[in-house]
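Novice: Test case, fold it:
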Amino acid sequence: MIKLLLSARLGEKRLTQADLARMTGIRPNTINELYHEIAERVSLEHLDLICEALECNLNDLITREPNKEPKIVHTRTGSSKSDENR
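Specialist: Next up, the predicted model:
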């Protein structure tokens, strides 16, 4: 699972979502979706602007945690386990 760490970074810098929107020119709604981790897509340009504004690296904003239940399970033959159950 991909985790966005924007809320923590803004807290560390004592900045609001509105501050970040003004600094980057990114729409406040977009910042809000990133902040609350509900964004389904993330622009590389936005990530670059946010990193520049917060003076951080990309790995300070995004991390990946293993899924509790694997979403993709492959066998040695290349078929998925869900295919075998059909």
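Novice: hey, let's count contacts and neighbours off CA atoms from now on
Specialist: Noted.
Novice: the bottom helix or strand of the protein by mean pLDDT?
Specialist: helix 81-84 (a mean of 51; mean pLDDT, DSSP states H and E).
Novice: Spell out the residue ranges of the helices in this structure.
Specialist: Counting by DSSP state H, the chain has these helices, from start to end: 6-13, 17-24, 28-35, 44-54, 81-84.
Novice: Residue 62 is nearest to which of these?
Specialist: helix 6-13 (8.1 Å; Cα to Cα).
Novice: Could you point out which residue ranges in this protein have low pLDDT?
Specialist: For the chain, residues meeting the criterion pLDDT under 70 lie at 75, 77-86.
Novice: if we go to 50?
Specialist: Counting by pLDDT under 50, the chain contains low-confidence ranges at 83-86.
Novice: To residue 67, which of the helices of the chain lies closest?
Specialist: Closest among the helices of the chain, using Cα to Cα: helix 81-84, at 16.7 Å.
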